[in-house]
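Chemist: need a 3D model of the sequence below.
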Amino acid sequence: MTRSSWRSRLLRQRVWFLVALLCLTTFLYLAAIFWRTDLAIFDAALPTAPAPSDVVIVAIDDASIAALGRWPWARALHAALLDRLREYGARAVALDILFTEPDPNSPESDVALAQALASGPPTVLPLLADFRGEGQVPRERLPIPMLERAAAGVGHSDLEVDEDGIVRSVFLREGPGAATRDYLAAALLEHTPGARPPQLRGERNPDVSGSSSAWVRDYQVLIPFLGPPGHFTQVSYVDVLHGAVAPSLIHGKWVLVGATATGLGDGVATPRSGQSRPMSGVEVNANVLQALRTGSTIRRASMPVEILLGLIPVALVGVGLQRLAPGRSLLLTTVLAIATLGLSVILLRAAGWWWPPTASIAVLLSAYPLWSWQRLEATQTFLEEELRQLAREGFPLLPDLQASRTSAGSDDFLQRRIELLQQATQRLRAAQREREEVLRFLSHDMKSPATSLMGLAQLQRDPARALTPDELSQRLDLLAQRVLTLVDSFVALARAESADPTRFDELDLRDAVQDACDEVWGAAEAREISISLQTSEESCTVNGDRQLLSRAIINLLSNAIKFSAVGGAIELQCETVGRDAVVSITDHGPGVEPERRAALFQRFSRGLHRGSDPGGAGLGLAFVRVVAEKHGGRAWAEHDQQQGAVFRLSVPLRPT
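Modeler: Residues are numbered from 1 along each chain as shown. Next up is the predicted model:
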């Protein structure tokens, strides 16, 4: 894979990763999967505030029930309460008690209550939303006409219960067929002289007209509950009725009258109380009243705004992950997740906007491991491509992979790739060293004969110093032989390194030994050196290249001849040792010092024997090592007890 194609592939992966994150975020917001977590964040983020001093709850509490008798009470009592509130100077009253039917026991009580309503202070009454039964037309159940006409206004008191059973919002307007009835607290503000009418802000119903058979709700707002149940100032109904409270407690204030007694069934769960401590409906009304008075109702962001705000941090982390290092990417992800949560809380507390952040946070927290997985997958793919390319170019890495699978601690797929990469790195470093050695070889050994030739040419131009034809011919022949030897050794080593073991043939190593012995016979005779050959009677069948093996044994024999004294002897032996065929060449020369034996088979290693350096390119033993390794064997040197050295070449026998 080329660099440009790899970059193009990475770019496509990055784009698709970012698109996937954005699509996932959009889906999570539309599906509202994390609604429970969002509601929990909303509940925890609600700010607390002191209860207003000008809002008082007149509670129909347990003490009042005990003093005035079973509920419901005669309406004359409510009339007397309103007279007392008028006497105390209440600003306006919300009488959160249903009067949808006439009093069957005391019709005159209805008249008394109507008169009290007409006399003031301004009082609003609740209506009942009667949904009757499934498939039936919902309708309003208003206070009896006498009381409706006398009241300053009428409003509904329905509360919206979320899926977890907690009340967090109300609709400011509702009604059958059309949303025409204000919420009770809004109606109270609407009919209080001198009060600013409530601003109807909230989530709009896209179909507020509806039909006559539907109950329509509009202007949904979230309630900013100021505190837990009992947070607002409360006085007992019976105490106000009997004049047992200070007039200053009522004068000039909004008064909400409602049930708080145990068993009246008016309590609801709220974010401030949960299911364990219900808040009375009249106190919920008080919270809504205060929010409408101060304009602090909470509006939920529309779905397009929710999605847009959720996409911004996801887009930032998607871009950041692709540009930053892993450590900084993790830091960026953490910071953005915290900032997203903080933004939701700030919008709620400072601007009265509720934006659920959990979907965005969930994508942020999953983006880093997903991106790390994708980056790891891309890296692994890249390594695979590079390793295969190296294998195609002559680096035998894939066979090493098969070997690594059987080694201890290498069951992990990635670990095997790392091991292969380490091998490739080591081999590339070795290749770099060999390259440097080749450059030194070319700059010195190959350059030296050329320099000598140039010197001869310059010498011959001077008639007084020119060599005789015979002497010139000898020197040219010597230099040519030196160059040919260098080139031949270098080419032979390159051929050995490029040999393909899969193309080796079956052969008897004894034949290659005999070939080598015949090849060096002349050189040995020239120095009066005897070579004694001993071969195993058993077959030494191996898989190999006869020419390469013969050349390796020739190099070992030539090395022994070179370092042996005139008239000396060399022992050549070929035998089977265990599962290997081993060729041993023993000379009686100066030998090799133990600390230098490891470097003998490296490229361009010369002068490692004891005594003077007889010259050479230093490639002969390197050729032997490469041939041995290509055949799955090895080459090494030992010290002979009778002075000299023993060089051995082992090749695995062919399995029978």
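Chemist: what's the pLDDT at the spatially most central residue of the chain?
Modeler: Nearest residue to the geometric centre of the chain (C-alpha atoms, centre = their mean): P369, 1.6 Å. In the predicted model, P369 carries a pLDDT score of 90.
Chemist: in the stretch 451-600 of the chain, mark out all the helices, start to finish.
Modeler: According to DSSP state H, counting those that start in this stretch, the stretch 451-600 of the chain carries its helices in the segments 469-497, 509-526, 546-563.
Chemist: go through the ones you listed and pick out the most buried.
Modeler: Comparing these by mean neighbour count (mean count of other C-beta atoms under 10 Å), helix 546-563 comes out on top with a mean of 22. Every C-beta, even on glycine, is put in place using the N, C-alpha and C of the backbone.
Chemist: by contact count, what packs against it?
Modeler: Packing partners of helix 546-563 (3 or more C-beta pairs under 8 Å, 6 or more residues apart in numbering; DSSP states H and E): helix 469-497, strand 505-508, helix 509-526, strand 569-577, strand 580-587, helix 620-630, strand 645-652.
Chemist: in a markdown table, list these along with mean pLDDT and distance to T541.
Modeler: Putting the helices and strands packed on helix 546-563 into a markdown table (pLDDT from 0 to 100; distance: least, C-beta to C-beta, whole Å) gives the following:
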| stretch | mean pLDDT | distance to T541 |
| --- | --- | --- |
| helix 469-497 | 77 | 21 |
| strand 505-508 | 92 | 6 |
| helix 509-526 | 91 | 8 |
| strand 569-577 | 92 | 10 |
| strand 580-587 | 92 | 8 |
| helix 620-630 | 88 | 17 |
| strand 645-652 | 91 | 10 |
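Chemist: picking up where we left off before, want to throw the helices of the stretch 451-600 of the chain into a markdown table with distance to D587?
Modeler: A markdown table is the format used below for these (distance: least, C-beta to C-beta, whole Å):
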| stretch | distance to D587 |
| --- | --- |
| helix 469-497 | 20 |
| helix 509-526 | 11 |
| helix 546-563 | 4 |
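Chemist: so which of those helices gets nearest C23?
Modeler: helix 469-497 (53.2 Å; C-beta to C-beta).
Chemist: on that earlier part again, buried residues, the helix or strand hosting the residue nearest to the centre of the chain. List them.
Modeler: P369 is part of helix 358-392 when elements are defined by DSSP states H and E. Neighbour counts using 16 or more other C-beta atoms under 10 Å place 358-364, 367-368, 370-371, 374-375, 383, 386-387, 390-391 of helix 358-392 among the buried residues.
Chemist: please, where are all the helices along the stretch 101-250 of the chain?
Modeler: Taking DSSP H, counting those that start in this stretch as the criterion, the stretch 101-250 of the chain contains helices spanning 107-119, 145-150, 184-190, 237-241.
Chemist: most tightly surrounded among the ones you listed?
Modeler: Compared across the helices of the stretch 101-250 of the chain, helix 184-190 shows the largest average neighbour count, a mean of 25 (mean count of other C-beta under 10 Å).
Chemist: quick one: contacts of that one?
Modeler: Contact with helix 184-190 is made by 92-94, 96, 124, 126, 153-157, 172-173, 182, 195-198, 200, 254, 256, 285-286, 288-289, 292-293, as judged by C-beta atoms under 8 Å, 6 or more residues apart in numbering.
Chemist: do the same with stretch 233-241
Modeler: Outside stretch 233-241, the residues that touch it by C-beta under 8 Å, 6+ apart are 51, 53, 55-61, 63-64, 67-68, 77, 80-81, 84-85, 88, 244-245, 249-250, 257, 260.
Chemist: ok, of those, which come out buried?
Modeler: With burial judged by 16+ other C-beta under 10 Å, the buried subset of the contacts of stretch 233-241 is 51, 55-61, 64, 68, 77, 80-81, 84-85, 88, 245, 250, 257, 260.
Chemist: next one: phi and psi at the residue of the chain most remote from its centre?
Modeler: The centre of the chain is farthest from one residue, A464, which by C-alpha atoms, centre = their mean lies 84.5 Å away. Comment: the main-chain dihedrals of A464 come out as phi -70, psi -30, following degrees, to the nearest 10.
Chemist: ok so, going back, out of the buried ones among the contacts of stretch 233-241, list just those in helices.
Modeler: The members of these that map onto helices under DSSP state H are 64, 68, 77, 80-81, 84-85, 88.
Chemist: any idea which of these is the one closest to D488?
Modeler: Where these are concerned, and distances follow C-beta to C-beta, D488 has its nearest neighbour in S64, at 119.6 Å.
Chemist: next up, the contacts around the closest one.
Modeler: With contacts taken as C-beta under 8 Å, 6+ apart, S64 has the following neighbours: 236-238, 261.
Chemist: how near is it to G327?
Modeler: Separation of S64 from G327 (C-beta to C-beta, to the nearest Å): 66 Å.
Chemist: repeat for D218
Modeler: For D218, the distance to G327 equals 51 Å [C-beta to C-beta].
Chemist: so between those two, which is more surrounded?
Modeler: Relative neighbour count places D218 above the other of D218 and G327, with 21 against 8, counting by other C-beta atoms under 10 Å.
Chemist: who does that one bridge with?
Modeler: Applying DSSP bridges to D218 gives these bridge partners: R173.
Chemist: is it true that it touches L172?
Modeler: Yes - proximity of D218 to L172 meets the contact threshold set by C-beta atoms under 8 Å, at 7.3 Å.
Chemist: coming back round to it: check the ones in helices among the buried ones among the contacts of stretch 233-241 and tell me the two furthest apart.
Modeler: Taking C-beta to C-beta as the measure, those reach their widest spread between L68 and Y88, a distance of 19.0 Å.
Chemist: hang on, the earlier thing: tell me the helices and strands packed up against the helix holding P369.
Modeler: helix 3-31, helix 35-45, helix 303-323, helix 326-346, helix 398-405, helix 413-444.
Chemist: which of those helices sits closest to P655?
Modeler: Using C-beta to C-beta, the nearest of the helices and strands packed on helix 358-392 to P655 is helix 398-405, at 17.6 Å.
Chemist: using CSV, list the CA coordinates for stretch 85-105.
Modeler: Only the C-alpha atoms of stretch 85-105 are listed here, as CSV (Å, rounded to 0.1, in the frame of the first residue of the first chain):
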residue,chain,number,x,y,z
LEU,A,85,-58.9,36.8,55.2
ARG,A,86,-60.6,40.0,54.0
GLU,A,87,-60.5,41.3,57.6
TYR,A,88,-56.8,40.6,57.7
GLY,A,89,-56.2,42.4,54.4
ALA,A,90,-55.1,39.4,52.2
ARG,A,91,-54.1,40.6,48.7
ALA,A,92,-55.6,37.7,46.8
VAL,A,93,-56.7,34.1,47.6
ALA,A,94,-56.5,30.8,45.7
LEU,A,95,-59.1,28.5,47.3
ASP,A,96,-57.8,25.1,46.1
ILE,A,97,-61.0,23.2,46.9
LEU,A,98,-63.5,21.8,44.4
PHE,A,99,-67.1,23.0,44.5
THR,A,100,-68.4,21.3,41.4
GLU,A,101,-71.7,20.3,43.0
PRO,A,102,-74.1,22.1,45.3
ASP,A,103,-74.0,21.4,49.0
PRO,A,104,-76.8,18.8,49.5
ASN,A,105,-77.0,19.3,53.2
